[in-house]
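S.K.: Here is a sequence with its predicted model. Questions after.
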Amino acid sequence: MNNEQSFALNKIESQSRPLDTGVVTGAIAGAFLILVTIIASGKALSFINPLGLIMVLGGTFAATMIQFSISEMHQAWLGFRSILYAREEAILERILYFVDLSKKIRREGLLVLDIEATKTKDLYLAKALEITVDGTDPDTIRRVLETEIRTSIEQQLRAVSVFQTMATYAPAFGLIGTIIGLVGLLGSLNSPEAVGPAMSIALMTTLYGALLANLIFLPVAGKLKMRSEEDALISSITIEGVLCIARQDNPIVIEQKLQSFLPSIHTY
Amino acid sequence: MNNEQSFALNKIESQSRPLDTGVVTGAIAGAFLILVTIIASGKALSFINPLGLIMVLGGTFAATMIQFSISEMHQAWLGFRSILYAREEAILERILYFVDLSKKIRREGLLVLDIEATKTKDLYLAKALEITVDGTDPDTIRRVLETEIRTSIEQQLRAVSVFQTMATYAPAFGLIGTIIGLVGLLGSLNSPEAVGPAMSIALMTTLYGALLANLIFLPVAGKLKMRSEEDALISSITIEGVLCIARQDNPIVIEQKLQSFLPSIHTY
Amino acid sequence: MNNEQSFALNKIESQSRPLDTGVVTGAIAGAFLILVTIIASGKALSFINPLGLIMVLGGTFAATMIQFSISEMHQAWLGFRSILYAREEAILERILYFVDLSKKIRREGLLVLDIEATKTKDLYLAKALEITVDGTDPDTIRRVLETEIRTSIEQQLRAVSVFQTMATYAPAFGLIGTIIGLVGLLGSLNSPEAVGPAMSIALMTTLYGALLANLIFLPVAGKLKMRSEEDALISSITIEGVLCIARQDNPIVIEQKLQSFLPSIHTY
Amino acid sequence: MNNEQSFALNKIESQSRPLDTGVVTGAIAGAFLILVTIIASGKALSFINPLGLIMVLGGTFAATMIQFSISEMHQAWLGFRSILYAREEAILERILYFVDLSKKIRREGLLVLDIEATKTKDLYLAKALEITVDGTDPDTIRRVLETEIRTSIEQQLRAVSVFQTMATYAPAFGLIGTIIGLVGLLGSLNSPEAVGPAMSIALMTTLYGALLANLIFLPVAGKLKMRSEEDALISSITIEGVLCIARQDNPIVIEQKLQSFLPSIHTY
Amino acid sequence: MNNEQSFALNKIESQSRPLDTGVVTGAIAGAFLILVTIIASGKALSFINPLGLIMVLGGTFAATMIQFSISEMHQAWLGFRSILYAREEAILERILYFVDLSKKIRREGLLVLDIEATKTKDLYLAKALEITVDGTDPDTIRRVLETEIRTSIEQQLRAVSVFQTMATYAPAFGLIGTIIGLVGLLGSLNSPEAVGPAMSIALMTTLYGALLANLIFLPVAGKLKMRSEEDALISSITIEGVLCIARQDNPIVIEQKLQSFLPSIHTY
């Protein structure tokens, strides 16, 4: 089984991709805005609380480690890194690919698929083309490819779930940190001038929890989910495409069928 | 592929439409009520906090940009603009259209569809008519048109999701702003007369977050979702309509079948 | 199309119905209990804050108007009025109706349906009977009647959704009002004796929001949803009933089939 | 129709059943722990606030009465009483019952079902046996029995919904009571020594709301839901069982099919 | 029925398994971080409140006991213990097992299954192999095995539900404890120096509730759910595997079909 090879391929591919401007701009802009607000508060140094940060981040990771296996957290980490990189607009491209492919098959015969399967870097497409050129019957093609994409999407959604879980734990551990801080503070109520700074230290963990959840964990979970949905759509097109080829549909019919995956009309 | 043309068409169309009275009245009334309440509080100037507004709005946008692609945010923006404009009551109209059309076909033959397809400004209807006049078999018609509407609705729902996400982030960044403000405030507890104004500045971001979420993001998300459901219903009628035509149903049967899409009876 | 006529019929019908004792008792009891608690607090006059009420109610309506069309809000209003009136226990009645009807058909023939369709005041039942006497095939009967009930239920659920949306906005605008009030209050911290009354005015909007949501919007939404489910069940019985008639089932078999809609056994 | 009879039977049965040790122990232990904590606070008398309790409980009931019909609330009440009583472990028993029954039929013929139907106290089982001995075709048996259990479960879930609704309203009315109390308190800020007791009275309704929701309404709703799922499972076994009999399956095959309803393997 | 035997087998098996490093590391790290934060607050002794802990834990258990049966809580306990132990990576192994098995059958005939069924320690696999060697038809095999896994998963999800329920009750009883503590505290407002410590005692139950929910109940519920999904996937592979064998598929086809359960491609 060539899992290692497939991972290797993906890694090479991802490193050569450009950065995702939306993700990078959003992250920098968000961090910058928070920084400006903190500086404008006139107490920038009060916002540095290493123990509080370790507690919130560590508590969040600890609870997440109990819930997920190490391989799932590794997947989540790979997913986290992958969203920094842009993706080419793949839906339209995949449709055009199948229309071209069906014309090529008309001219040069079904064995073209074999060559195409070795040329493409997308392992799912390669598998779909190979299984089709083998003359497998359409029902089995559909079954095998649908099972494959379903288990892949389920694994991706588990990485999404890692970040959603972290987005739940981070504010909770922020609150826990603040309560612990408050208890420390309540013992020194007799020295009122110490209340302010102690209170602001206690509040830090709540702030960290809210920032981690809303600037990192939730957006990353959302992004990974969006990409999974896109993967699922491209896979649907791929399944429909090879089924058209297996059924030897006319290129015009193929174009018509696949174009319906493009939401060209009811957009705003 | 004629995506650009379709967008262009939609744009022209949308600009000539009248404003949606409900949306405009609601927005103005809501803003007016908040303004009156603010003025009645006797401290109207305290409610102006440009940095706070930038922080809440900017943080919300930043987190949303991480999660969604730029084209999805552009779609959301187009959706936002589109809800300012009214829509004609399309459900009944579409039913009557198909009843008339089926009568016309009886008199003048199936080729009437070709003329109708060029006359209509609705691209989905045009496609449905064209695919029917081509003599495609009913099952393929249904498959192609259902895939098309499903992907369109999915794209629309992603725009809905942009606003729902913003409605989640806005109060969160409001709270983050207030905590940052509180920390600034807690350092100056020794000058009690400064606490009041500092506290009210800190509270501003919470207010901005709540207003943005409840007067803009949530209602806009809700409106876009409603319109998507309406689009889906009209598309169901269109699919049923062209299938009736493809099966050469009697105009009376067509009327009977399509009228069942009108909820005329179990209303209050 | 006889929409107007159908609405008219419904209106006449609803006005002659007795009040729903549960709804009326609940509303009066709830209002009474709140009133007693307010009076017992010894500051009854503090609870009157017209501007606050206008702001919460107005803001809720404004946000709802952005989200829903005027016809949907009108439907919600009709729904609101309708729940004041009781409904006869229709499920058992409808089953007995079909058992009787099937016996009548045995004796007097299928044309009895025509007379029955003109006698009944329920437009859905009338349509079901008419479509059956026309000799439509069972599959089409089921399709037409199911589409009809589905679109009706969807419209009813949109009215439910109006009230659920209001139940979300009301506490939010209550909170917004309280924050605005707090800001007004924080400026006058130097006159401590004014804090109490100002604070209690600020809290009024939160109270109004909570009361509106929990005594009006949520219960009304729940009630409308319950009635929709009941309508859907009665329609299922009606569809099953006319299908039995169309298939010329034995009255005993009809009774057996329809009685299974009565949850007579696994109740507590 | 023998609804009354069925209710009567159920009632007799339930009174002779032993108490459910889990429910009773949980309720007593929970109440005892709260009581101890209250007494340990040293202010046990402060926790008695009859008006507050009436307000929270009454408000909850009032809002629930608007939402549900009187018969649904009566069902909820019957459900509430029923969970005090234990249930025999019915799943395994039902499987063994059908295996024995199929052997008996082998020996003594299908008419044994008639005798069994009169012997059993479970009305659903009786109906299933009767409809099978009548020689109804398997498809109709399945349809009738599935409709019956679906409507029964829907009615049970409405009782669940009554308690879930109450669990939502109770804390809301607790909060409403506390706000009303706070307003009364804020007027007497000039006499600081009165603030403490007044505040603790105001907090009582929040406490009552939280206790009612978490010690009564939520657990009862959860319990009723669990029992509904169990009923649904037993009904699935019953349907499968009578279908096996109707198809004259071999006792060994029946045992094999029904045993698969027993989760004997993937337990921890 | 061999339930007891199956439990016994499972128990022996689980005791010989190594500890799950993720779960153990997470739990120790989480507890350590909380401890460090508490010690750093300088008031470590304030965090010991046995009555508060008993109240929160006891209240949570009491409410859960009302909702779930004793056997369900016992299952939850067994599940809790089981997650401390690691699981071998079973998905790939199960696929390879079936590929090997199909080759063995080619060489040695179908009766190999009988020997394999006695060799395996996995009772579900044993049952699947036995039912296949008996020559049961594929449809019945699928039905029986799917019913079995569905009821097993449902029972596992009930154990998940026990912990999710506890994660809901724990913070609620934490809040209830804090309110009760606050009331005790509010009576002694005249001795301000006592307020601080009393307040910190009152806050303890909120802290306990948050820690129990976020470091124990939620992660355990999440872990058990993950493992259930894994069990369901392995069972799907098992069902597909024995169906392939029953249909006498070629080993190459079996490998192709089963490999599609491995998400080798769309990972990050």
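M.R.: Done, it's in.

S.K.: drop to CA atoms for contacts and neighbour counts, all remaining ones
M.R.: Will do.

S.K.: The host helix or strand of A:Val242 packs against which elements?
M.R.: Assigned by DSSP states H and E, A:Val242 falls within helix A:218-246. Using 3 or more CA pairs under 8 Å, 6 or more residues apart in numbering or on different chains; DSSP states H and E, the elements in contact with helix A:218-246 are helix A:70-82, helix A:90-108, helix A:123-133, helix A:138-186, helix A:251-259, helix B:50-67.

S.K.: Go through that helix and flag the buried ones.
M.R.: Across helix A:218-246, burial judged by 16 or more other CA atoms under 10 Å in any protein chain shown covers A:218-228, A:231-246.

S.K.: ranking the helices and strands packed on helix A:218-246 by mean pLDDT, which is last?
M.R.: Lowest mean pLDDT of the helices and strands packed on helix A:218-246: helix A:251-259, a mean of 83.

S.K.: What angle do helix B:138-186 and that one make with each other?
M.R.: Counting by axes from the mean of the first three to the mean of the last three CA atoms, to 10 degrees, helix A:251-259 lies at 30 degrees to helix B:138-186.

S.K.: Any chance you could list what contacts the stretch of helix or strand A:Val36 belongs to?
M.R.: Element membership of A:Val36, judged by DSSP H and E, is helix A:21-40. Contacts to helix A:21-40, defined as CA atoms under 8 Å, 6 or more residues apart in numbering or on different chains, come from residues A:44, A:47, A:83-84, A:86, A:215, B:51-52, B:55, B:58-59, B:61-70, B:177, B:180.

S.K.: and stretch A:147-154, C-alpha only, in CSV?
M.R.: The C-alpha coordinates for stretch A:147-154 follow below in CSV (Å, rounded to 0.1, in the frame of the first residue of the first chain):
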residue,chain,number,x,y,z
THR,A,147,-16.6,4.6,-0.1
GLU,A,148,-13.1,6.1,-0.6
ILE,A,149,-14.3,9.7,-0.6
ARG,A,150,-16.7,9.0,2.4
THR,A,151,-13.9,7.6,4.6
SER,A,152,-11.5,10.4,3.5
ILE,A,153,-14.1,13.1,4.3
GLU,A,154,-14.8,11.4,7.6
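
S.K.: Just the buried positions in it, please.
M.R.: By neighbour count on 16+ other CA under 10 Å, the buried set for stretch A:147-154 is A:147-153.

S.K.: Ok, stretch A:17-30 next?
M.R.: Buried residues in stretch A:17-30, counted by 16+ other CA under 10 Å: A:19-24, A:26-27, A:29-30.

S.K.: Nearest to the middle of chain A, which residue? Look it up for me.
M.R.: A:Leu224 (1.9 Å; CA atoms, centre = their mean).

S.K.: Chain B contacts on the stretch 51-200 of chain A?
M.R.: Contact residues, the stretch 51-200 of chain A versus chain B (CA under 8 Å from any CA of the partner chain): A:193, A:196-197, A:199-200.

S.K.: Which of these fall in helices?
M.R.: Mapping these onto helices (DSSP state H) picks out A:196-197, A:199-200.

S.K.: so what pLDDT did A:Ile237 get?
M.R.: 91.

S.K.: A:Gly187 now?
M.R.: For A:Gly187, the pLDDT comes out at 69.

S.K.: ditto for the one 5 residues further on
M.R.: On the pLDDT scale, A:Pro192 is placed at 62.

S.K.: now do A:Lys225
M.R.: Looking at A:Lys225, its pLDDT is 94.

S.K.: Then A:Ala246?
M.R.: Looking at A:Ala246, its pLDDT stands at 88.
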